[in-house]
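Chemist: coords below, sequence missing:
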Ligand SMILES: [Zn+2]
């Protein structure tokens, strides 16, 4: 550990219990991403989700919280939309035979249905892996938010890394690529790189 990491750990001991837990999770994410997933599972996913993003029904905004202090440091008040319609087959945080907890929402339906960006942002990844997310697009939505659209059949030819796009822009089509057992969109929202419940941002059902 370098001097900065030691200083961070020392700071953590003066924090409230929940925040301390979150802090060490963050530290683990930076140092050992695989173990961080296990820690999140043990902690109960709601702790993390509720700590990083909360919906305020009075102001109709999603507040973004500093992972270290819990203070509101940003908010999202622009329009957001479900990226596709279909049947939710696996919720965020649920366990499946393939993973200890689910980091996004699975929305099943026909291959080829258009997938749209849920919020404004900049495309930071648009490519294919033979494993994991398969063909997928990642968008930096600002406000410390990144969204991931995975298992796509196709990526729209107009979508390139570096493009700035608006909510509702078609980014590709639903598919069954990568680690997928049937046609569905895996839709994931990360804050500070940590998966949170997309339902915090989106009302109703897809
Ligand atoms: Zn999924």
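Modeler: Sure thing, it's come through. Please read all numbers here as calculations on a predicted model, not as lab measurements.

Chemist: Just give the closest residue to the residue of the chain at minimum distance from the ion, not the sequence neighbours.
Modeler: Proximity to the ion, evaluated over the chain using C-beta to the ion, is greatest for residue 186 at 3.4 Å. C-beta: built from backbone N, CA, C; applies to glycine. Sequence neighbours aside, residue 150 is the residue nearest to residue 186 in space, at 3.9 Å (criterion: C-beta to C-beta, 6 or more residues apart in numbering).

Chemist: Burial check on that neighbour, number of neighbours?
Modeler: When neighbours are counted by other C-beta atoms under 10 Å, residue 150 registers 26.

Chemist: Use 40 as the first number for this chain going forward.
Modeler: With the count now opening at 40, the last piece we talked about shows up as residue 189.

Chemist: hang on, isn't residue 111 packed against residue 100?
Modeler: No. Counting by C-beta atoms under 8 Å, residue 111 stays clear of residue 100, with 9.7 Å between them.

Chemist: Look at those two and report which has more neighbours.
Modeler: A count of neighbours by other C-beta under 10 Å puts residue 100 above the other of residue 111 and residue 100, at 16 against 13.

Chemist: Please verify my assumption that the more buried one contacts residue 117.
Modeler: No. The pair residue 100 and residue 117 fails to qualify as a contact (C-beta under 8 Å) at a distance of 9.3 Å.

Chemist: Where does residue 180 sit: helix, strand or coil?
Modeler: Local secondary structure at residue 180 is given as strand here, using DSSP: H, G, I helix; E, B strand; the rest coil.

Chemist: pLDDT at it, what is it?
Modeler: The confidence metric pLDDT takes the value 97 at residue 180.

Chemist: can you pull the contacts of it?
Modeler: For residue 180, the contacting residues are 158, 159, 160, 186, taking C-beta atoms under 8 Å, 6 or more residues apart in numbering as the criterion.

Chemist: So which of those residues are in strands?
Modeler: Counting by DSSP state E, the members of those that fall within strands are 160, 186.

Chemist: tell me the two of the contacts of residue 180 that are most distant?
Modeler: Checking these against each other with C-beta to C-beta, the farthest-apart pair comes out as 159 and 186, at 10.6 Å.
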